[in-house]
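Engineer: Just a sequence and a predicted model for now, questions to come.
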Amino acid sequence: MSGFLGSTVGKKYLMGITGLIWAGFVLAHMAGNLLIFVSHDAYNAYGHAITSGNIIYVAETVLVLALIVHVYTAFSLTAANRASKGSKYAVAASGKKKATLASRTMAIQGSLILVFVILHLITFKYGAHYETTVNGVVMRDLARLMEEVFQSPGYVAWYVVALIILGYHLSHGVGSTFQSLGLMEGTYRNTWKKLSYAYAFVVALGFIAQPLYLFLIAH
Ligand code: HEM
């Protein structure tokens, strides 16, 4: 990449914008999934509705491209950051200069989330294909698959851990994107910060409730 988009600031923008695309997706995914608390039929009918049109291909393409750009810019910024800081300093930064734990571990969090997403697609998107009929329409029974998967305590624990990491990653990622976009200045600084924390909390909690509910209550 060259020009503005190849510069550090340009890459930060690209990483932020592509992150926000995924942030929008996970919020929508979490909210849609809450239908599992209503009924299996409601959940399956919703899944069927969003996957049976052409719009899903557009959404998938945008998500894949955004993920590639996000991962590429993340790696390239992390590498540049390491090279410039290296072990040049005998004394590690501390106090205000010290980056928060969330920011220092973004790359490792991101890598774990990537592993999570790949395994998640194998489990669900490419997992067992059960069928059910809702209001006379034959469709995939994803609710049954979800219920089966979350009978396993190991699976539930892995999801809870991964989703906590996701919440952590989102709170820092969304916050620093707002900062790159210049929103973290002036009067509304705290509002934007609170908004990014609230958003991350709602997404993580909304998702975590699903495996826990299926494991503890719904069987
Ligand atoms: C409790 C947590 C979650 C549950 C129960 C869940 C459930 C599901 C299910 C059942 C599908 C299959 C949809 C289909 O094939 O029609 C799916 C797809 C998907 N999920 Fe999740 N999900 C969870 C969390 C996440 C998170 C945290 C991410 C991202 C960080 C994510 C990313 C995706 C993606 C990318 C797809 C494929 C969408 C597509 O290409 O159509 N999911 N999920």
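Structural biologist: Thanks, I have the structure now.
Engineer: end-to-end on stretch 135-155?
Structural biologist: In stretch 135-155, first residue to last residue: 32 Å (Cα to Cα, to the nearest Å).
Engineer: Enumerate the positions of that stretch that are buried.
Structural biologist: By neighbour count with 16 or more other Cβ atoms under 10 Å, stretch 135-155 contains the buried residues 139-147, 149-150, 155. For every residue, glycine as well, the C-beta is placed using N, CA and C.
Engineer: could these go into TSV alongside secondary structure?
Structural biologist: Shown next, in TSV, are those (DSSP: H, G, I helix; E, B strand; the rest coil):
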residue	secondary structure
M139	strand
R140	strand
D141	coil
L142	helix
A143	helix
R144	helix
L145	helix
M146	helix
E147	helix
V149	helix
F150	coil
Y155	helix
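Engineer: Between these, which sits nearest G24?
Structural biologist: Among these, L142 lies closest to G24 (Cβ to Cβ), at 21.5 Å.
Engineer: Quick check: that closest one touching A45?
Structural biologist: No. Counting by Cβ atoms under 8 Å, L142 sits too far from A45 to count as a contact (10.6 Å).
Engineer: How much space separates G127 from the ligand?
Structural biologist: Using Cβ to the nearest ligand atom, to the nearest Å, we find G127 at a distance of 8 Å from the ligand.
Engineer: ugh, wrong one, I meant K193
Structural biologist: With distances taken as Cβ to the nearest ligand atom, K193 is found 22 Å from the ligand.
Engineer: Equivalent analysis for Q109, please.
Structural biologist: Relative to the ligand, Q109 is positioned 11 Å away (Cβ to the nearest ligand atom).
Engineer: Can you say which helix or strand has that residue in it?
Structural biologist: Element membership of Q109 [criterion: DSSP states H and E] is helix 106-120.
Engineer: where does M184 land in three-state SS?
Structural biologist: Following three-state DSSP, M184 is assigned to coil.
Engineer: Can you find the helix or strand in the protein with the smallest mean pLDDT?
Structural biologist: The weakest-scoring helix or strand in the chain, judged by mean pLDDT, DSSP states H and E, is helix 101-104 (a mean of 74).
Engineer: That helix packs against which elements?
Structural biologist: Packing contacts for helix 101-104, counted by 3 or more Cβ pairs under 8 Å, 6 or more residues apart in numbering; DSSP states H and E, involve helix 153-180.
Engineer: Up against the ligand, what does the protein have?
Structural biologist: Neighbours of the ligand within the chain, by Cβ under 6 Å from any ligand atom: 26, 29, 33, 47, 51, 56, 60, 63, 113, 117, 120-121, 124-125, 142, 146, 159, 166, 207, 210-211.
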